[in-house]
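>>> Predicted model and sequence below, questions to follow.
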Amino acid sequence: MIDINNVSKYYGKHQVLDAINLRFKKGKIYGVVGENGVGKSTLFKCISGLETYTGEIVYDNGSLKDKIGLLLTEPYFFSKITGKEYINLLTKARGINYIDCKVQNIFDLPLNEYAFTYSTGMKKKLALTAILAQNNDVFILDEPFNGVDVQSNVLIIEILKQLQYAGKTIIISSHIISTLTQMCNTIFVMESDKTILEIDKSDFERIENDMKAKFIKSKLEHFKV
Amino acid sequence: MKAYFLLQFKLLNRQIVHFGLPLIIAYTIVPLLFYFGFNYVYESLKYSVFVLVILAISLVFKLSEVQRNTFLKSIYSYNTYVKIRLIENILSNLLLSIGLIYKYEILACVLLNVFSCSLVFVKLKTKFQFVISTPFYKHPFEFIVGFRNTFFMYPIVYLLVYISITSGNFNIGLFAILLICVICCSYYSKVENKYIVWNYSQTPSQFLKHKINIALLFFTLLCLPIIIFLSIWFFVNFDVLLIFMSACCFFLAAVVLAKYSLFPNDFGISQVILLTISVGFPPFLIILIPHFYLKSVKQLKSILND
């Protein structure tokens, strides 16, 4: 279980997170939604330990950093490294000395080619393959479905469900509400006023309607085609 | 076109300032350093012109990078694009061209500029499907990426060793080792993304030791053939070879540590100055290595395990 207590984050004078309190349990899938720039990625980086913050993040199973598989919105690749070498790099960093890339290559990626020659979706799939190979307990996935083809999206959803059954904690940010409502147990809505709404599965229908009422109506009032 | 070059000039100045160097000093030091460096290499190496021209062409290849050129083509007409690229390539060779003319190496100067200009009309492949094999593929990434970027330098280095042996000039052999040291140091010149370092389940000291061990091991492996040949042909200078090799190892370790001493920021001017002092006075490395080590540990503490 991950407990986030009063976590705040400033970039200079600009406050991004304001005394956030959240709890992520084992074997659950959590969605995080919110407008662009509201602080979803910052929250993920704070949980991972990639950003400093004030407050407290407690994990009940040792060092959280070493058990998180983090998928960034735009995964980082070196210019001349093959897909296979990228997977090896990330797994060796976690002390896994041997990995059978053929078994791990669930998305059928051309692992012997340079990763920088991959398309956006392929890069995302490679990054996901690498963090799955790390055998983490917690997965934080920032926009995992962006740029990925439909077939792979279906596959990712199934993989995430299997991870959930295996007792892993999964936190996903996505702008595709329908996908989130399909698989999440809880969705957190990060508002621009720094508050966070917690919505359980039984109330998921509410999210889309609330968003339509709140954003679309006010934005389109003065819009003319 | 004028706006493009003004923007490039602004970007260059920004990079210099970000590096921590006042502009007036940068624009004074760079030509001076080039002058002394050029003279040193020209006087001390038999095939210096060849080496210098190859280095200049590798810089021009950087400017021919596909994404950059696709962007330029997308915003300028073809004629303007060609003019921009021709000017860029000639400017990047400018200092060397002046140096070559100064030494009456007119043919080399003409060939360098003709080749550089012709590169403007060569369309490089957008995606290199051909993966260059590397003996370092099993170990994290500096030597994998670095070797693929600089593999063409190794035949030149080993050719220098051959020249050293055939001409009976031990110093050329040492220069070859120095060149490998510089090439290996260049593998550590760019700081990797925070995410890559974050992935390591290590403490900062374990992480740094691992990085230094890999650097020294692979550097020694690359130098091994040179050491063997030089110690056979110049056995009387074996002690000099050993001391020189050790100095290179210490310097490489200092560069690895310097890289992380400001992490996640890039190298700063202070590191470059300290490393430059250590080149002129190698015993300084005894102070410099622990200094960089302590700073690196401090910088890495926030994202690695304590």
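That came in fine, so what should we check first? Values in this document were obtained by computation on a predicted structure and should not be read as measured data.

>>> residues from chain A in reach of chain B?
Neighbours of chain B within chain A, by Cβ under 8 Å from any Cβ of the partner chain: A:48-50, A:52, A:63, A:65-66, A:70, A:72, A:76, A:78-82, A:85, A:88-90, A:92-95, A:112-114, A:117, A:134. The C-beta positions use only the backbone N, C-alpha and C, and glycine is treated the same way.

>>> check contacts around residue B:260.
B:191, B:208, B:211, B:292, B:296, B:299, B:300 (Cβ atoms under 8 Å, 6 or more residues apart in numbering or on different chains).

>>> rerun at 6 Å
residue B:296 (Cβ atoms under 6 Å, 6 or more residues apart in numbering or on different chains).

>>> Which ones among the residues of chain A next to chain B map onto strands?
Using DSSP state E, the members of the residues of chain A next to chain B that fall within strands are residue A:70.

>>> Please indicate which of the residues of chain A next to chain B are buried?
A:48-50, A:65-66, A:70, A:72, A:78, A:80-82, A:85, A:88-90, A:92-94, A:113-114, A:117, A:134 (16 or more other Cβ atoms under 10 Å in any protein chain shown).

>>> ok so, going back, among the residues of chain A next to chain B, name the ones in helices.
Using DSSP state H, the members of those that fall in helices are A:48, A:85, A:88, A:89, A:90, A:92, A:93.

>>> Is the first one in contact with residue A:69, as I believe?
Going back to what we said before, that points to residue A:48. No: contact criterion Cβ atoms under 6 Å: residue A:48 and residue A:69 do not qualify, at 9.6 Å.

>>> before we move on, back to that, tell me the one of the ones in helices among the residues of chain A next to chain B nearest chain B?
Nearest to chain B out of these is residue A:93 (Cβ to the nearest Cβ; 4.0 Å).

>>> ok, and the closest non-adjacent residue to the closest one?
Residue nearest to residue A:93 in three dimensions, not counting chain neighbours: residue B:199, with 4.0 Å by Cβ to Cβ, 6 or more residues apart in numbering or on different chains.

>>> Just flag the most distant two among the ones in helices among the residues of chain A next to chain B.
Using Cβ to Cβ, the two most remote members of these are A:48 and A:85, lying 22.9 Å apart.

>>> Near chain A, which residues of the stretch 201-306 of chain B? Just list them.
Within the stretch 201-306 of chain B, the positions adjacent to chain A are residue B:201 by Cβ under 6 Å from any Cβ of the partner chain.

>>> In the stretch 201-306 of chain B, which residue sits closest to chain A?
For the stretch 201-306 of chain B, Cβ to the nearest Cβ, closest residue to chain A: residue B:201, 4.3 Å.

>>> Disregarding residues adjacent in the polypeptide, which is nearest to that residue?
That would be residue A:66: by Cβ to Cβ, 6+ apart, it lies 4.3 Å from residue B:201.

>>> Could you tell me what pLDDT the model assigned to that neighbour?
For residue A:66, the pLDDT comes out at 87.

>>> before we move on, the earlier item: who's in contact with the residue of the stretch 201-306 of chain B closest to chain A?
A:66, A:94, A:95.

>>> That one: helix or strand, and which one exactly?
Assigning secondary structure by DSSP states H and E places residue B:201 outside every helix and strand.

>>> Please report phi then psi for it.
Backbone torsions of residue B:201, given as degrees, to the nearest 10, read phi -90, psi 60.

>>> Kindly provide the distance from it to residue A:95.
Going from residue B:201 to residue A:95 by Cβ to Cβ, to the nearest Å gives 5 Å.

>>> Residue A:126 now?
For residue A:126 relative to residue A:95 (Cβ to Cβ), the value is 21 Å.

>>> what about chain A, any weak spots by pLDDT?
Across chain A, the ranges flagged by pLDDT under 70 are A:215-220.

>>> can I see the domain layout of it?
Domains of chain A are assigned by automatic domain parsing as A:2-67+A:138-220, A:78-136.

>>> closest to residue B:156 out of those domains?
With Cβ to Cβ as the measure, domain A:78-136 is the member of the domains of chain A nearest residue B:156 (19.7 Å).

>>> what's the span of that closest one, first residue to last?
Domain A:78-136 has an end-to-end distance of 23 Å (Cα to Cα, to the nearest Å).

>>> for stretch A:187-200, same thing?
OK, stretch A:187-200 end separation, Cα to Cα: 6 Å.

>>> Alright, I will stop here.
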